[in-house]
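K.L.:
Here's my sequence, what's the structure:
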Amino acid sequence: MTRNLVVIGVSTGGPLTLKALFRELPPLDAAFLIVLHITPQMDYRIAQGLDAAASMPVKLAEDGEYLKSGHVYMAPGGLHLQLTGNNRVVLCEGPRVNYVQPAADVTMLSLSKPLKGKLIGIVLTGMGRDGADGIKHIHDIGGITIAQDQQSSTIYGMPKAAAQTGAVDYVLSPQKIAGKLMELLRPV
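P.N.:
Numbering: from 1, shown residues only. Have a look, this model is predicted:
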């Protein structure tokens, strides 16, 4: 069971950016949930590649599963992922949101108070505005919000839309995001 949760929304340029971020991180006392815009054909391969680079185990999230601290979960391609009680995975079909499935907004908007620990929302490189409504929601319920900076983004669409909500606490490069996460979360 986890108290701390980090939810990451990412799209174009995602796999490389995620590797750059997770390569810097030691095992931390939080469950990490990644919503990457991917197809079902690619999800397993990308999770495997990230698992090889990360110090924490990485896997595709399964329906009904409880998130565990020190683990990284990826939303499977072609399904939306919601959380009940901020810690139990519910995978669902349904219409695309922001033209994508899985959508970071669907995951982020499913988070609720009370927060038992730290909730951190991050929007990384990508096209469009997925994650912007979610980041605002995380900020509104007391979470910490981070967007990738323009310089390090492959495409500065999603992080820019998130930053434009006025609800982003930090705008940082992946390396600095790793540093901020290490500051905010204890090692396992």
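
K.L.:
buried sites along the helix or strand that contains Ala52?
P.N.:
Using DSSP states H and E, Ala52 sits within helix 40-53. Going by neighbour count (16 or more other C-beta atoms under 10 Å), the buried part of helix 40-53 is Asp43, Ile46, Ala47, Leu50. For the C-beta atoms, the positions are set from N, CA and C on the backbone; glycine is no exception.

K.L.:
One more: stretch 27-43?
P.N.:
Leu28, Ala30, Ala31, Phe32, Leu33, Ile34, Val35, Leu36, His37, Ile38, Asp43.

K.L.:
any idea how far the third one lies from Gln164?
P.N.:
Counting by C-beta to C-beta, to the nearest Å, the gap between Ala31 and Gln164 amounts to 28 Å.

K.L.:
Check the last one too.
P.N.:
Separation of Asp43 from Gln164 (C-beta to C-beta): 29 Å.

K.L.:
same deal with the fourth one?
P.N.:
Between Phe32 and Gln164 the distance, using C-beta to C-beta, works out to 25 Å.

K.L.:
if we can go back for a sec, and the buried residues of helix 40-53, which two are furthest apart?
P.N.:
Taking C-beta to C-beta as the measure, the buried residues of helix 40-53 span a maximum distance of 10.7 Å, between Asp43 and Leu50.

K.L.:
Show me the common contact partners of the two, please.
P.N.:
Counting by C-beta atoms under 8 Å, 6 or more residues apart in numbering, the shared contacts of Asp43 and Leu50 are Met74.

K.L.:
export the buried residues of helix 40-53 to TSV and tack on pLDDT and distance to Lys160?
P.N.:
Below are the buried residues of helix 40-53 laid out as TSV (pLDDT from 0 to 100; distance: C-beta to C-beta, whole Å):
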residue	pLDDT	distance to Lys160
Asp43	95	26
Ile46	96	24
Ala47	97	27
Leu50	97	24
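
K.L.:
Take the buried residues of stretch 27-43 and keep only those in helices.
P.N.:
Here DSSP state H is the test, and the buried residues of stretch 27-43 give Asp43 as lying in helices.

K.L.:
Name the nearest residue to Asp63, ignoring sequence neighbours.
P.N.:
Closest residue to Asp63 apart from its sequence neighbours, by C-beta to C-beta, 6 or more residues apart in numbering: Leu91 at 4.2 Å.

K.L.:
Dump the helix or strand harbouring the one you found to PDB, keeping only the CA atoms.
P.N.:
Here Leu91 is covered by strand 88-92, with elements defined by DSSP H and E. Written as PDB, here are the backbone C-alpha positions of strand 88-92 (Å, rounded to 0.1, in the frame of the first residue of the first chain):
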ATOM      1  CA  ARG A  88      -6.400   0.900  -6.900                       C
ATOM      2  CA  VAL A  89      -6.300   0.600 -10.700                       C
ATOM      3  CA  VAL A  90      -9.500   0.600 -12.700                       C
ATOM      4  CA  LEU A  91      -8.900   0.100 -16.400                       C
ATOM      5  CA  CYS A  92     -11.700   1.200 -18.700                       C
END
